[in-house]
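S.K.: Pasting the sequence and the predicted model now:
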Amino acid sequence: MSQLKNPSRRTFLKSGAAVGGGLVIGVSLPGMFNNAFAAADSSAINAWVRIGSDNSITILCARSEMGQGVVMALPTLVAEELEVDLNKVKVEFAPPGEVYINSMLGGQLTGGSTSVRDAWEKLRIAGAQARMMLVAAAAQEWGVDTAKCTARNGMVSGPKGKMAKYGQLAEAASKLPVPKDVVLKDPSKFRYVGKPLKRMDTAGKITGKTEFGIDVKLPGMLYASLAQCPVIGGKVVSFDAAKAKGMPGVKHVVQITDGVAVVADSWWQAKQARDAIDVKWDEGPNKALNSESVSAGLATAMSQPGAQIKQQGNVAEAMKTAAKTVQATYEMPFLSHSPLEPMNFTADVRKDSALLIGSIQFQQLAMGMASAITGLKPEQITIKTTFLGGGFGRRIDCDYMAQAVEISKTVGAPVKLVWTREDDMTHDFYRPISLTQMSGGLDASGKPVALSFKMSSPSVTARLFPPLVKDGVDPLMTEAILVPYDIPNQSVATVIHDTGLRVGYMRSVSHALNVFANESFIDEMAAAAGKDPYEYRLALLDKQPRFKNVLQLAAEKAGWGKPLPSGRARGIGLMEGYDTYMAQVAEVSVVDGAVKVHRVVVAVDLGRMVNPNIVEQQLESNIVFGLTALLYGDITLKDGRVQQSNFHEYKLLRMPECPKIEMHIVKSTEKPGGIGEPGMALLSPTVANAVFALTGKRLRKMPFRLA
Amino acid sequence: MITFTVNGKQASADVPGDTPLLWVLRDTLGMTGTKFGCGAQLCGACTVHLDGQPVRSCGTPVSAAAGKKVTTIEGVAASAAGKKVQAAWAALDVPQCGYCQSGQIMSATALLTAKPKPTDADIDSAMAGNICRCGTYPRIRAAIHKAAGSKEA
């Protein structure tokens, strides 16, 4: 998800979010952090910093850790200004709170590669304010001027050798006013920011100690498995639970909004009993949905005018006088997020309180949902976020949380609901399918003079945040839709078309759709012009220094133009997303009729970095994620049912298929860009362009099939 | 009642013999380091050692463990290979979300126990059953080489 253009602060809060059957929630969050969350013998200096009388330092992390490294990167920003030893800091995930809202997205939400961009100044200021309050407390205690005191390594030093540890000052500091004038460190003085530090969450993850949502255990907790209609959106007509009720360990069989749940002493018992229930479903309006009709619908939608995103010059005229024209249509399939931890959630709903624990990407939506279902006020609801076993956008939605809340409320006990992999794959909110028609005109020298882009695709925002879709434009459908290239006449339009299958935000969101079309098409124009695809792009980037720089860097490092062994070829691609500029060169061959990617060179300019080690992890991660999508990713429908059920039918990349990945990061003092998502979007055109260079065959439909 | 050894300690479970070992470890014995990913022996997140051999615990009935030795992520450091693998994983900061890493480490430890100096082809074949959705494969490969004291091709 990208930054919403011109977002008013708390856009989402004001507009509200839709849950389930159109229920609209504009939930407010507790406005004040307070000491309620602080353990005994510790003081909250502000919403981000808690200091114990034993000098323990706890930093709160208000974004969900799903692999992308926020649990390390965000506390680093606080610790830098707080002047504490980062290695000794404890990190906790923050509860829902107004102060924790992501100002780039307007909600307490992790997504859009916004975490560092949102936090970059905010968390350093918070760290500095806490430090200044500790210094002021020391100065007050010693009766000296604050200017005579300095803070370092969790300690304040004053005149005549006076010293006090933060723990001794915390309580007094917590009562002082928050300083308004804050001067942040010059980046040349950074101790932690910009250094390739090791992650503090690694130790738990290599010993099995890290608690993911699925590992939560509450006293007296029961386990649930839920039968949902095989056609998403279908409802229970009736069910026969006689056999299930007699099975060992089974405590309850209950109907909830989304299906029939079995609640038992262990999950395996619940699952066995669930399989023994005979449910009669009303499959609802989507029961006849199939892939062919979905594709036909998208094609038909193309005839609508749609919303004009850009209109520059006169494309129609320019096409008439062009020396050469090029046309192409690109197709992207539905995709499943498939994080390795299947959807699961733990809820303990009581008369006057509720406890929700698990893997959550959007705490505010979870709060609104829980409040709506239980009738409790937000202050009666405690939400705890665990580590997430992957997210990729799936855990922004809260369907599985709502189910656990409903089940717990119905049976009156703490319940952990765990989906099977099959449940997860067949009840996702899928990455939107898309169809993009492009045409271009070249002048006699081969230079592009006209470009037309028109896409039809379902809108996630129309489902999740309907008020944000204005005049037919979904701002999260138009990311990277404008090319960086200097082309005088351009027309760019989108058509929102609901296919019936529910859709969700997935890593790189619409960048993946638009970059595939744009970067494939510029390559097609280069081929039509008889020009080298790298040189062709380069000549169109004189007004775009950051684009140009990464393109040149990738080409140079990849050895662009140098000979390769026979049977191999290179392709190139370029994009901007999340304020990050990236170019890739992929080296491919064809093995047994399938695309094989051997090497990917990535050049990236993401401005300042908090942690280059995590940046490199994310670059690698994106290549693997993107390669999975272009080789395998395809969710198809028949009779309203998603046809892929597990990893034999929806393949994910495995070790032997992983290419060599080489990363080159531009030193930059620009503001930080996001790095969790762009690489995934760029790999598909880069590889398609390489396959074209090798075989002359243009791959315009994902996943790529050569036959 | 089925009895077996987990990480050197006696364990027993009063469950039907066809209950997958995975759920006995996680829910009956409360050892949640072993993960549920697919339930169909396709992803490797639930990998444990049964008498030293890597198995997918989601597809292993607990009856198959009767009288045998089970090693999980919680106990893998007891072996020299396991200790080396964890140290290499830490040195190279392998995990991202971390959910698959218990299984990855169990498979890598089994590989190094059987083949102390694995080639890249050995790594490919031993690790092909373990999916990482975050894409930590380059670092996993490097970490196995590091643990083995061998070089990447």
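M.R.: Looks like it arrived, so ask away.
S.K.: and the longest helix for chain B?
M.R.: Using DSSP state H, we find that the single longest helix of chain B is helix B:101-114.
S.K.: Would you mark the buried spots in whichever helix or strand comes after that one?
M.R.: Under the assignment DSSP states H and E, the closest C-terminal helix or strand after helix B:101-114 is helix B:120-127. Across helix B:120-127, burial judged by 16 or more other CB atoms under 10 Å in any protein chain shown covers B:D120, B:D122, B:I123, B:D124, B:A126, B:M127. C-betas here are computed from N, CA, C, even on glycine.
S.K.: swap in stretch A:450-461?
M.R.: Here stretch A:450-461 shows A:A450, A:L451, A:S452, A:F453, A:K454, A:M455, A:S456, A:S457, A:P458, A:S459, A:V460, A:T461 as buried, counting by 16+ other CB under 10 Å.
S.K.: Just the ones of these in helices?
M.R.: A:V460, A:T461.
S.K.: related to what we said a few turns ago, now the longest helix of chain B: mean pLDDT?
M.R.: The average pLDDT within helix B:101-114 is 98.
S.K.: go on, stretch A:322-333?
M.R.: 98.
S.K.: Could you export it as CSV, CA atoms only?
M.R.: Taking Å, rounded to 0.1, in the frame of the first residue of the first chain, the C-alpha atoms of stretch A:322-333 are listed here in CSV:
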residue,chain,number,x,y,z
ALA,A,322,3.3,8.2,-35.4
ALA,A,323,5.8,6.4,-37.6
LYS,A,324,5.1,3.2,-35.8
THR,A,325,2.5,2.1,-33.2
VAL,A,326,2.6,-0.7,-30.6
GLN,A,327,-0.3,-2.4,-28.8
ALA,A,328,-0.2,-4.9,-25.9
THR,A,329,-2.5,-6.3,-23.3
TYR,A,330,-1.2,-7.5,-19.9
GLU,A,331,-3.0,-9.8,-17.5
MET,A,332,-2.4,-10.4,-13.8
PRO,A,333,-4.1,-13.1,-11.8
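S.K.: Show me the shaky parts of chain A.
M.R.: Scanning chain A for pLDDT under 70 picks out A:1-28, A:30-40.
S.K.: mind giving me the domain ranges of it?
M.R.: A:31-204, A:213-284+A:343-418, A:291-335+A:429-695 (automatic domain parsing).
S.K.: B:G67 is nearest to which of the ones you listed?
M.R.: domain A:213-284+A:343-418 (21.5 Å; CB to CB).
S.K.: Quote the end-to-end distance of the closest one.
M.R.: Terminal residues of domain A:213-284+A:343-418 lie 10 Å apart, using CA to CA, to the nearest Å.
S.K.: Which single residue of chain B approaches chain A most closely?
M.R.: B:G33 (2.1 Å; CB to the nearest CB).
S.K.: In what element of secondary structure is that residue found?
M.R.: Using DSSP H and E, no helix or strand contains B:G33.
S.K.: What residue in the stretch 551-700 of chain A comes nearest to chain B?
M.R.: For the stretch 551-700 of chain A, CB to the nearest CB, closest residue to chain B: A:V624, 2.6 Å.
S.K.: My read is that that residue contacts A:C658, right?
M.R.: Yes: contact criterion CB atoms under 8 Å: A:V624 and A:C658 qualify, at 6.2 Å.
S.K.: what residues are shared contacts of these two?
M.R.: B:G135, B:Y137 (CB atoms under 8 Å, 6 or more residues apart in numbering or on different chains).
S.K.: neighbour count winner among those two?
M.R.: A:V624 (27 against 23; other CB atoms under 10 Å in any protein chain shown).
S.K.: Name all residues that make contact with the more buried one.
M.R.: Contacts for A:V624 were tallied using CB under 8 Å, 6+ apart; they are A:L653, A:C658, B:C132, B:C134, B:G135, B:Y137.
S.K.: So which of the residues you listed sit within helices?
M.R.: Going by DSSP H, the helices hold B:Y137 from the contacts of A:V624.
S.K.: Kindly list the main-chain dihedrals of A:M369?
M.R.: The phi and psi torsions at A:M369 (degrees, to the nearest 10) take the values phi -60, psi -50.
S.K.: Could you do A:I256 as well?
M.R.: Dihedral angles (degrees, to the nearest 10) for A:I256: phi -120, psi -180.
S.K.: tell me, what residue is most central in chain B?
M.R.: The C-alpha lying nearest the average C-alpha coordinate of chain B belongs to B:M106 (CA atoms, centre = their mean; 2.4 Å).
S.K.: re the thing from before, pull out the buried positions in the longest helix of chain B.
M.R.: For helix B:101-114, by 16+ other CB under 10 Å, it's B:101-113.
S.K.: Go back to these and keep what's next to chain A.
M.R.: B:Q101, B:S102, B:I105 (CB under 8 Å from any CB of the partner chain).
S.K.: Would you state the helices of chain B in chain order?
M.R.: B:21-23, B:80-91, B:101-114, B:120-127, B:137-148.
S.K.: Just the closest of the buried residues of stretch A:450-461 to chain B, please.
M.R.: When these are compared against chain B (criterion: CB to the nearest CB), the nearest one is A:V460, at 20.4 Å.
S.K.: A:V469 is in contact with the closest one, correct?
M.R.: No: counting by CB under 8 Å, A:V460 does not reach A:V469; the two are 9.9 Å apart.
S.K.: does A:A138 sit in a helix, a strand or a coil?
M.R.: With DSSP: H, G, I helix; E, B strand; the rest coil as the basis, the three-state label of A:A138 is helix.
S.K.: dump the residue contacts of it.
M.R.: A:C149, A:V156, A:G158, A:K162, A:A164, A:L169.
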